[in-house]
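Asker: Provide a 3D model corresponding to the input given below.
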Amino acid sequence: SPIPNPQSPIPNPQSPNVFKNQIFIKLINKHILLFSIKMIFNNFFKLLLSQCFLFTLAQNKVIFVFEHFRHGARSPSTLNESDFDSLNEKWNGLQELSNVGLRQHYLLGNYIRNKYKDLINYEKYNPKEIEVLSTITNRTIMSARAQLHGIFKNSKPKKIEGDQVNTCLPYYLLEEKEKYNINNISLYPDNFPEEVPVHIVDIKEKLMQLEKTDECPVIKKIRAENKKKKEIVDFCQKFNKTFGEKLLKLLNKTNDKNFFSEYENVNDVCIETIIDVFDDRKLGILNNEIDIDSLFNMSMEFFRLKTTIVYANNNNGTLAYVGSSILMRKILSYMEKIIDDINNKVNDSPKLVLLSSHDTAICNMEGLLSNLFNIKVEAPTFAASYIFELVKEDPENKYTVNLIFNDVLIKSINFDDFKNKIKTSSWTYEQTAKYCGFKEEKKEIIKEESNTSDSLWLNIIIIFSLLDSLVVIIIAFLLIKRHNKKSSLDSSQNL
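Answerer: Residues are numbered from 1 along each chain as shown. Here you go, the predicted model:
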């Protein structure tokens, strides 16, 4: 700003310009005062709202958690005679859980314990509080047990070594790995509470997660049709155009230029790329001719298409209904039992249920949830976690179901709406068994069906008991009548 001239005249306070300036300043001061009052009021109102919100949150309580998770990182599903995969990386066994996979689920167990601090007693195993289910594979059983290591506090960690510390976090936490001390990271604890049982789910017997198997011929047929969908075909052609020629040369494949346009061939190399990268393999066979990050990113794109299109659903939704209806009814039965316990003031039902499973089964379940509640299907990478929270809202005594995928809230649903939708729209045991052509071998695994069966047997027992009583009464009546008749004849003869 210019330096004032000391010789310049002093302005006359009564001059028109000065008078106008004074009026302007007064107006400014008035507006500032009004603005300040408004801001104070707004901030007070926001503070009041926030306190009300916090009070509401304090009144809500998670009373049940069902976690359906995918096993952790594993070895490939195909190896040559020397135990090398197609990308020339050596493994010990087919589809076995790796150290990275173990660590993923140990951390996931820690996450469950910290997120739901007051749900169960984490110091000591109580069979009434926690139930663990798994499909019958080594990788799912070991994933469940590794997660239990993280859940219970009395565990001591083993160390994990090498570059795997960079990949042993669940995939969706990789961007936040700075939060973890990865330089002193551990595998999973030694002193695991061995008394915690892991129950194996008999898929065909209980009709849960049929999508995982080829037990149901109709599911197998639908999957084959889904692999031919335009999105899948277009991707395979794009993959072949991007990497086909170089991969054929590096992997010593056939000279068929369309080799990597076929679904199964693309599937093999993409899934093995994901597996190798998760295990921090260097993929030296690519010889710097193919950028690993580019191949990995495109492999993940294929994985998302595969899981959401091939396994999640089909045009009329049949795949999702037949594959996951029984599982959803099972989850609902746990919730109903918890609410019954609260109403009856008892504590006999598990508050935390873990189901160790596969990407195909989780996607299929998401397909059903998409049909019923209009949610988006997400691709479950290694150690992906899908959580069903049952929240009790006090003092209204209402219940809400929260669907959470990888720590992101997908949707909140009123429990009554959730219950009605599952019961009226999902398939029953009989419908599923009939559709797949299974024999009618009724298995009471769901509360409502179990109650129906128990009631039937109870009614039969009561009917037979009544019939027995009626027969006894009739016989007694006939004997008494005969005795009276005989007594009358004896009296007549005496006379």
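Asker: all helices for this protein, in order.
Answerer: 16-59, 99-115, 138-151, 203-206, 217-226, 230-239, 245-250, 263-278, 292-305, 318-344, 359-373, 415-425, 429-436, 447-494 (DSSP state H).
Asker: which of those comes out lowest on mean pLDDT?
Answerer: Per-segment mean pLDDT for the helices of the chain reaches its minimum on helix 16-59, at a mean of 52.
Asker: got a list of what I151 touches?
Answerer: Applying Cβ atoms under 8 Å, 6 or more residues apart in numbering to I151 gives the contacts G109, N110, I112, R113, Y122, I130. No exception for glycine: its C-beta is placed from N, CA and C like everyone else's.
Asker: so how far is G317 from the residue lying closest to A320 once chain neighbours are set aside?
Answerer: Once flanking residues are discounted, A320 sits nearest to G367: 3.4 Å by Cβ to Cβ, 6 or more residues apart in numbering. Using Cβ to Cβ, to the nearest Å, we find G367 at a distance of 7 Å from G317.
Asker: what about those two, which has more around it?
Answerer: Higher neighbour count among G367 and G317: G367, with 26 against 15, using other Cβ atoms under 10 Å.
Asker: spit out the contact partners of the more buried one.
Answerer: Residues in contact with G367, defined by Cβ under 8 Å, 6+ apart, are Y311, A312, N313, G317, L319, A320, G323, S324, V377.
Asker: of those, just the buried ones, PyMOL syntax please.
Answerer: Buried residues within the contacts of G367, by 16 or more other Cβ atoms under 10 Å, are selected in PyMOL with:
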select buried, resi 311+312+313+319+320+323+324+377
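Asker: and which of the contacts of G367 is nearest L390?
Answerer: Proximity of the contacts of G367 to L390 (Cβ to Cβ) peaks at S324, which lies at 18.6 Å.
Asker: in the contacts of I151, find the pair that's most separated.
Answerer: Maximum distance among these (Cβ to Cβ): 15.4 Å, for N110 and I130.
Asker: which of those two has more residues huddled nearby?
Answerer: Legend: neighbour count by other Cβ under 10 Å for N110 and I130, higher for I130 (22 against 17).
Asker: where is the longest strand in the protein?
Answerer: The longest strand of the chain (DSSP state E) is strand 60-70.
Asker: show me what that one is packed up against.
Answerer: Contact partners of strand 60-70 among helices and strands, from 3 or more Cβ pairs under 8 Å, 6 or more residues apart in numbering; DSSP states H and E: helix 99-115, helix 138-151, helix 318-344, strand 352-357, helix 359-373, strand 385-393.
Asker: export only the CA atoms of the first one, formatted as CSV.
Answerer: The reference is to helix 99-115. Extracted as CSV, the C-alpha positions of helix 99-115 are listed here (Å, rounded to 0.1, in the frame of the first residue of the first chain):
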residue,chain,number,x,y,z
ASN,A,99,1.3,-69.1,5.3
VAL,A,100,-0.1,-65.9,3.9
GLY,A,101,-3.6,-67.4,4.1
LEU,A,102,-3.1,-68.4,7.7
ARG,A,103,-1.9,-64.9,8.6
GLN,A,104,-4.9,-63.3,6.7
HIS,A,105,-7.4,-65.2,8.9
TYR,A,106,-5.4,-64.6,12.1
LEU,A,107,-5.7,-60.9,11.4
LEU,A,108,-9.4,-61.3,10.5
GLY,A,109,-9.9,-63.0,13.9
ASN,A,110,-8.3,-60.0,15.6
TYR,A,111,-10.6,-57.7,13.6
ILE,A,112,-13.7,-59.6,14.8
ARG,A,113,-12.6,-59.5,18.4
ASN,A,114,-11.9,-55.7,18.3
LYS,A,115,-15.0,-54.8,16.4
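Asker: list the buried residues in that helix.
Answerer: Of the residues in helix 99-115, 99-113 count as buried by neighbour count, 16+ other Cβ under 10 Å.
Asker: that older thread, wait, which of the helices and strands packed on strand 60-70 is closest to Y435?
Answerer: For the helices and strands packed on strand 60-70, proximity to Y435 was assessed by Cβ to Cβ; helix 318-344 is nearest, at 5.4 Å.
Asker: could you give the angle of that closest one to strand 60-70?
Answerer: Angle of helix 318-344 versus strand 60-70, following axes from the mean of the first three to the mean of the last three Cα atoms, to 10 degrees, is 150 degrees.
Asker: packing partners for helix 318-344?
Answerer: strand 60-70, helix 217-226, helix 359-373, strand 385-393, strand 398-405, helix 415-425, helix 429-436, helix 447-494.
Asker: contacts for the second one?
Answerer: Outside helix 217-226, the residues that touch it by Cβ under 8 Å, 6+ apart are 210-211, 214, 232, 309-311, 314, 318-319, 322-323, 435-437.
Asker: farthest-separated two in those residues?
Answerer: Pairwise distances across the contacts of helix 217-226 peak at 27.2 Å for I232 and G437 (criterion: Cβ to Cβ).
Asker: ok, the two, which is more surrounded?
Answerer: Per other Cβ under 10 Å, whichever of I232 and G437 has more neighbours is I232, with 19 against 10.
Asker: what residues are up against that one?
Answerer: Applying Cβ under 8 Å, 6+ apart, we find I232 in contact with N226, Y263, L305, K306, I309, V310.
Asker: for these, which one is nearest M142?
Answerer: Taking Cβ to Cβ as the measure, M142 lies nearest K306 of these, at 24.1 Å.
Asker: now for the closest one, how many residues are close by?
Answerer: 24.
Asker: tell me, how many residues neighbour the nearest residue to it once chain neighbours are set aside?
Answerer: Distance criterion Cβ to Cβ, 6+ apart; nearest residue to K306, sequence neighbours excluded, is N267 at 6.8 Å. Applying other Cβ under 10 Å, we find 19 residues neighbouring N267.
Asker: any idea how far N267 is from T307?
Answerer: N267 is 11 Å from T307, where distance means Cβ to Cβ.
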